[in-house]
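1. Sequence and predicted structure are below.
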Amino acid sequence: MEQITLEKITYKNYVKTIWGLKVTPKQKHFVASNTGSLAEAYVALTNGGVALPFAICRNKKPIGFLMIGYGVNSEEDCEDENPEFIEMVKKSYCLWRFMIDKRYQGRGYGRKAMELALEYMRSFPCGKADSIWLSYEPENEVAKKLYASFGFVEQPQWYKEGEEMPAILKL
């Protein structure tokens, strides 16, 4: 029986998670690199923010990566943002990164990993929250459909041309 789990990034699994996982060439511009994501997590953590990176594992083998944030990682990053958006972010969890390796796509693993990520955030590991938010490239129809199926609602009032579409799931 296949078991999908979220595992903390450790010395034991980070090489396979960071360098061993790839998306298709068509998907590359939809997803930040796992290496860059871990670097961003480091910066957030060393500046008082929250970043929780996880390997998505199938029977203990990394097949994907996700990262969760909580609140605002840096007031500097918020200077150009809509004040209403910033207030929402301050009281929310964020699905900051989400990817499934190209060899494992189309098998329901992403859906199961999303269920696990939402369950984890709903346990309020970093504090109470009103919502969960995420963003994605508007032309990424697969992501849009997946997130909508979990109840995420696009927020076009916060969308900026050339950037990602934000979507919110109320808790």
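-> Great, that's in hand.
2. going forward, measure contacts and count neighbours with C-alpha atoms only.
-> OK.
3. Val23 - how many residues pack around it?
-> 19 (other Cα atoms under 10 Å).
4. And the pLDDT for it?
-> At Val23, the model reports a pLDDT of 92.
5. Pull the distance from the host helix or strand of Leu169 to the chain's centre.
-> With elements taken from DSSP states H and E, the one containing Leu169 is strand 165-170. Using Cα atoms, centre = their mean, to the nearest Å, the distance from the centre of strand 165-170 to the centre of the chain it belongs to is 12 Å.
6. Sheet-wise, list the partners of it with their directions.
-> Strand 165-170 has the following strand partners under DSSP bridges: strand 131-136 (antiparallel), strand 153-154 (antiparallel).
7. hey, C-alpha coordinates of that strand in PDB?
-> These are the backbone C-alpha positions of strand 165-170, laid out as PDB (Å, rounded to 0.1, in the frame of the first residue of the first chain):
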ATOM      1  CA  MET A 165      -2.700  35.100  -8.900                       C
ATOM      2  CA  PRO A 166      -3.500  35.000  -5.100                       C
ATOM      3  CA  ALA A 167      -6.200  32.700  -3.800                       C
ATOM      4  CA  ILE A 168      -7.600  32.300  -0.300                       C
ATOM      5  CA  LEU A 169      -9.200  29.500   1.600                       C
ATOM      6  CA  LYS A 170     -11.100  30.700   4.600                       C
END
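8. Contacts for it, please.
-> By Cα atoms under 8 Å, 6 or more residues apart in numbering, the surrounding residues in contact with strand 165-170 are 130-138, 151-156, 158-159.
9. Need the buried ones from the residues you listed selected in PyMOL.
-> This is the PyMOL syntax for the buried subset of those, where burial follows 16 or more other Cα atoms under 10 Å:
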select buried, resi 131+132+133+134+135+136+137+138+152+153+154
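10. Any figure for the gap between the nearest residue to Lys112 once chain neighbours are set aside and Glu84?
-> In space, Lys112 comes closest to Ile4 once its chain neighbours are excluded; the distance is 6.9 Å by Cα to Cα, 6 or more residues apart in numbering. Here Ile4 is placed at a distance of 36 Å from Glu84 (Cα to Cα, to the nearest Å).
11. Compare the two and say which is more crowded by neighbours.
-> A side-by-side neighbour count of Ile4 and Glu84, using other Cα under 10 Å, places Ile4 first with 19 against 9.
12. Could you double-check that the more buried one sits in contact with Lys61?
-> No. Ile4 is beyond contact range of Lys61, at 9.2 Å (criterion: Cα atoms under 8 Å).
13. No further queries at this time; thank you.
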